[in-house]
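> Attaching a predicted model along with its sequence, questions to come.
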Amino acid sequence: MVLVLVGCSDIQTQTIPVSKAAKFPEKPITVIVPFAVGGGLDLTARSLEKFAPQYLGQPLTVVNRPGGAGTIGWNELAGANTDGYTLGITGIDMLLLPLYGSVKYNYPTALSPIVQVAATPMVLAVQTNKPWQTLDELIDYAKQHPGELKFGHGGIGSFPHLLGEMFAQTAKITIDQVPFSGASEATAALLGGHVHLSFVNPMVIREHVKNSTIKILAVTGEQRIDDAVLSQAPTFKEQGLDITLTNWYGIAIPKETPPAIKNKLAEGFKAMISDPEFIKNMNNIGLPIQYLGPQETQDKWLADSQKLTSTLEDTGILEKIKNQRK
Amino acid sequence: MEILDLLLQGLSVSLVPANLMACTIGVIIGTLVGVLPGIDTISTIALLLPFSYTMGSTAALIMFAGIYYGSKYGGSTTSILLNVPGEAASVVTCLDGYPMAQRGRAGAALSVSAIGSFIASTIGVIGLTLFAPPLAQAALAFGPPEYFALALVGIIILTNLTGTSTLKSMMMVSTGIMLGTVGLDSLSGISRLTMGVPELDRGFELSILAMGIFGIGEILTVMTKPTTPPTLPSIKLRDLYPTKEEWRRSVPPMFRGGVIGFLVGLLPGPAATISSFASYAMEKRLSKNPAEFGQGAIEGVAGPEAANNSAVSATMIPLLSLGLPFSGATAILLSGFMIHGITPGPALITEQPGMFWGLIASMYIGNILLLIINLPLIGVFVQMLKTPLNILMPLIALLTLTGAYSINNSMSDLVLIVICGIIGFFLRRTGFEPGPLLIGVILGPSLEQGLVRGLIICDGDIWAMITRPISSLLLTIGALVILYNLTSWLIKSNKRRREGSC
């Protein structure tokens, strides 16, 4: 009986909106960015906005809903209409938030991915005028001076914070975290020498590396970064530390949206992301394209989520961050 | 001289018709954003980003910059005419601008603020031209301990701006500091005092508080007055412009405001707002008759209005030479730059000299255009006062609410601004000055975060924290101010006692 009912409702959701889906989209589509202007997620949304009319037939309207480390915007997305006219930008923080508890939705299950647009590793950056010039030297120094080194990040529980804790754990060193409000403030503190190290987005720091005020000691990606300036920095893996996590940017929609509409959006975005102009544009911003379709993105969410959960729980980092949140 | 060559080169870029056009459009939109109460620079630029995609990158950047610095020109208009600030940075202008308008000197106040804006902007752009990279480096010397010291001294100096009851001012500052703690705390990552309302996680938006308490509060005050206020004296053309005496008094504040605004603008935070408060405090202290402040002292309009403009020019310095946006408005400029394929940073000046110097040169041109646009508008705005208040005020209220909604696209902000308006209304009635409240909201988080971060960095050693060179200098200034205030108060009360005993 239950099966029949479920079957029926499935058919209904699929058949009725098909005629609607054929005409979709008939009006501009809203894209929620759960952070303030500036930053990777916002830039991804605005780059998509630039190319949308050509590929989706309708413009995208980017709205910033900042606050609550992303929860306000993603909650709104998860609870939005399922007519396909409300999309949202996603990033790895979306997987982190439910792990710390106390969010209204479990985003990886409440949302369904349309596409992954870009992916970028993070880099461990230090000032060039400090006594440590390689990852080993930094770790040695930290071992001889436990608790002396401080790392800055843009917010408790954010991806860079997590990477800092992971680094301390993996390298068996004691470094203290200094929470700032946002990545810009954290980067300024690193540039001014008020903190000793920081995990940052490679493109934010690229100009300073070129200017040789900042040195990158390690990259969190599987491979080195494909860039004239940044390719000199080795990965953590090369240097024998198991820290491989990349930040990614994509588009998601409320789970209950009819498949026909989802497919239409997925196709539109896929075409957009293959446009050489778009790729060039994203490379300029420092967000290299790494396209994944809906199913592959879903798999990646699951894999990343599991990886994060087990690493965070096994190493006690989750407990540590939860304690720091008090 | 090399700089002069580069600037001339930039001038040739910015005078290309497409770029000159972009500059003109930018400053016109900027003027509208400034004049209309509540309409916010950030959301305007965000809204216009899609339209810029077909423009050349230099033209687009010139236009966005034009909107940004142009929006600080007209911000004082509604403050002066109606006592309704168009944005947080113009709150201070109400204090003396509105009394001037009531005396029939609205035209003079508007002229002084437009010309002050022009002079200070130009000071700011000259600073940007000559010293951008070294100043950006100097700004980096400010770490958490320095921000703590700065916020503490700021609160000491700025608390009792209006000279009403010190006790009431201190109560307002404390309330402001408490309001500043509401929201998701960046130090612990948990929500504080939000009572489960997710929208409050964002904390109180400065512009919502300012426009609510001051703007909506004033509108309510006017609308609930039983009698219509006396009609203003009709204004003759020569009354529109400042008298010789007014000129003499406003030129030095313009230059002082220009310098102080520039310095404040280099640091993170709502620079335009802080700088206008700082300039007001300074002018009042330097004035021979401080009692005139609050009654329509022209210095109190000229200084702050100049300061918020040069602050805006200065905020371009960390953006252009470090690639770091220290405020929301520069963050959206950064987005605009990046979308157009330009990454600001230390190499920008050497790698894209055409773009960089073109942008700087356009700021000189833009400021001249703004002066040309704004001066004739003064006559128009003053005529606006002939409109009966029962038509004008609801219109302004509507504009303010529209603007408030546009900041975060949030309905809850609308509820909040109305609540703030009602609070502002009662504060006025009970003689509490809401200025210090705003100071608390702005500087409170800096104070707390500076202290906590500073203590982490200095391993919990508060002595190490306050003896860092810049912090100790700042704190010494603060101590001297307290000492000065204390002695002058003692001398005064001594005198009073002696007079009383006679």
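Received the coordinates, thanks. This structure is a prediction, so every number in the text was calculated from the model and none was measured.

> Neighbours of B:Ser493, how many?
By the criterion of other CB atoms under 10 Å in any protein chain shown, B:Ser493 has 10 neighbours. (C-beta placed from N, C-alpha, C; glycine too.)

> Can you give the distance from the helix or strand encompassing it to the centre of its chain?
Secondary structure assignment for B:Ser493, by DSSP states H and E: helix B:469-501. In this view, helix B:469-501 has its centroid 28 Å away from the chain centroid, taken as CA atoms, centre = their mean, to the nearest Å.

> Mean confidence (pLDDT) on that helix, please.
Mean pLDDT, helix B:469-501: 86.

> Also stretch B:197-205?
Mean pLDDT, computed over stretch B:197-205, is 82.

> Is there proximity between that stretch and chain A?
Yes - using CB under 8 Å from any CB of the partner chain, stretch B:197-205 reaches chain A at B:198-199, B:201-203.

> Any idea how far apart the tips of that stretch sit?
This stretch, stretch B:197-205, spans 15 Å end to end (CA to CA, to the nearest Å).

> Give me the contacts around that stretch.
Contacts to stretch B:197-205, defined as CB atoms under 8 Å, 6 or more residues apart in numbering or on different chains, come from residues A:66-68, A:71-72, A:75, A:104, B:179-180, B:182-184, B:191, B:193-194, B:407-408, B:410, B:412-413, B:416, B:441, B:445.

> Can you list the low-confidence ranges for chain A?
Within chain A, the segments meeting pLDDT under 70 span A:1-21, A:102, A:324-326.

> Would you tell me which strand is longest in it?
strand A:111-121 (DSSP state E).

> Against which helices or strands is it packed?
Where contact means 3 or more CB pairs under 8 Å, 6 or more residues apart in numbering or on different chains; DSSP states H and E, strand A:111-121 is packed against helix A:40-56, helix A:71-78, strand A:86-91, helix A:202-210, strand A:246-254, helix A:259-274, strand A:289-292, helix A:294-314.

> Mind listing the strands it pairs with, and their directions?
According to DSSP bridges, strand A:111-121 forms sheet pairs with strand A:246-254 (antiparallel), strand A:289-292 (antiparallel).

> about what we covered before: could you provide the helices and strands packed on strand A:111-121 in JSON lines, with additional columns for distance to A:Thr187?
Below are the helices and strands packed on strand A:111-121 laid out as JSON lines (distance: least, CB to CB, whole Å):
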{"stretch": "helix A:40-56", "distance to A:Thr187": "13"}
{"stretch": "helix A:71-78", "distance to A:Thr187": "23"}
{"stretch": "strand A:86-91", "distance to A:Thr187": "18"}
{"stretch": "helix A:202-210", "distance to A:Thr187": "6"}
{"stretch": "strand A:246-254", "distance to A:Thr187": "15"}
{"stretch": "helix A:259-274", "distance to A:Thr187": "28"}
{"stretch": "strand A:289-292", "distance to A:Thr187": "24"}
{"stretch": "helix A:294-314", "distance to A:Thr187": "24"}
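
> of the ones you listed, which approaches B:Thr162 most closely?
With CB to CB as the measure, helix A:71-78 is the member of the helices and strands packed on strand A:111-121 nearest B:Thr162 (36.1 Å).

> Not counting the closest one itself, show me its contacts.
By CB under 8 Å, 6+ apart, helix A:71-78 touches A:32-35, A:64-67, A:86-88, A:90, A:94, A:97, A:103-105, A:107, A:110-111, A:252-254, B:198-199, B:201-202.

> Number of residues surrounding the closest residue to B:Arg453 other than its chain neighbours?
Excluding its sequence neighbours, the residue lying closest to B:Arg453 (CB to CB, 6 or more residues apart in numbering or on different chains) is B:Pro144, at 3.6 Å. Neighbours of B:Pro144 under the rule other CB under 10 Å: 28.

> helix, strand or coil for B:Trp463?
With DSSP: H, G, I helix; E, B strand; the rest coil as the basis, the three-state label of B:Trp463 is helix.

> my bad, should have said A:Gln223
From three-state DSSP, the assignment for A:Gln223 is coil.

> Now the phi/psi pair for it, please.
Torsion angles at A:Gln223 (phi, psi; degrees, to the nearest 10) stand at phi -120, psi 170.

> what sits against it?
By CB under 8 Å, 6+ apart, the neighbours of A:Gln223 are A:Thr235.

> what's the spacing between it and chain B?
Distance of A:Gln223 to chain B, given as CB to the nearest CB, to the nearest Å: 23 Å.

> mind checking how far that residue is from B:Gly354?
According to CB to CB, to the nearest Å, A:Gln223 and B:Gly354 sit 35 Å apart.

> same thing with A:Leu97?
For A:Leu97 relative to B:Gly354 (CB to CB), the value is 44 Å.

> If you count surrounding residues, which of those two has more?
More crowded of A:Leu97 and B:Gly354, by other CB under 10 Å: A:Leu97, with 22 against 13.

> quick one: the more buried one and A:Ala69 touch, right?
Yes - with contact defined as CB atoms under 8 Å, A:Leu97 reaches A:Ala69; the gap is 6.7 Å.

> Next, show the common contact partners of those two.
What both A:Leu97 and A:Ala69 touch, as defined by CB under 8 Å, 6+ apart, is the set A:Gly157.

> How about the residue of the stretch 251-400 of chain B found nearest chain A: what's its closest non-neighbour residue?
For the stretch 251-400 of chain B and chain A, the shortest gap (CB to the nearest CB) falls at B:Gly345, measuring 2.7 Å. Nearest-residue entry for B:Gly345: A:Glu207, 2.7 Å, with adjacent residues in sequence omitted and distances by CB to CB, 6+ apart.

> List the contacts of the spatially most central residue of chain A.
Against the mean C-alpha coordinate of chain A, by CA atoms, centre = their mean, the closest residue is A:Gly91 at 3.0 Å. By CB under 8 Å, 6+ apart, A:Gly91 lies in contact with A:40-41, A:70, A:159, A:247-250.

> Specify the beta-bridge partners of it.
Note on A:Gly91: beta-bridge partners by DSSP bridges are A:Tyr249.

> Flag every buried residue along stretch A:136-153.
A:138-139, A:141-142, A:149-153 (16 or more other CB atoms under 10 Å in any protein chain shown).

> residues contacting residue 96?
If you meant another chain, say so; for now it's chain A. Contacts of A:Leu96 by CB under 8 Å, 6+ apart are A:157-159, A:162, A:308.

> um, chain B though
B:109, B:293-301.

> if you set the cut-off to 6 Å instead, what comes out?
Contacts for B:Asp96 (CB atoms under 6 Å, 6 or more residues apart in numbering or on different chains) come out as B:296-297, B:300-301.

> from the residues you listed, which ones fall inside helices?
In this view, those that belong to helices under DSSP state H are B:300-301.

> In TSV: the contacts of B:Asp96, plus neighbour count, distance to B:Thr273 and pLDDT.
Shown next, in TSV, are the contacts of B:Asp96 (neighbours: other CB atoms under 10 Å in any protein chain shown; distance: CB to CB, whole Å; pLDDT from 0 to 100):
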residue	neighbour count	distance to B:Thr273	pLDDT
B:Gly296	20	22	91
B:Ala297	25	20	93
B:Gly300	30	16	94
B:Val301	35	16	95
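
> could the contacts of B:Asp96 be laid out in JSON lines, adding distance to B:Ala361?
Below are the contacts of B:Asp96 laid out as JSON lines (distance: CB to CB, whole Å):
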{"residue": "B:Gly296", "distance to B:Ala361": "38"}
{"residue": "B:Ala297", "distance to B:Ala361": "36"}
{"residue": "B:Gly300", "distance to B:Ala361": "33"}
{"residue": "B:Val301", "distance to B:Ala361": "30"}
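
> one step back: tell me which of the helices and strands packed on strand A:111-121 lies nearest to B:Arg496.
Among these, if distance is taken as CB to CB, the winner is helix A:71-78, at 54.9 Å.

> State the three-state secondary structure for B:Leu451.
Applying three-state DSSP: B:Leu451 is helix.

> Report the separation between it and B:Leu158.
B:Leu451 is 18 Å from B:Leu158, where distance means CB to CB.
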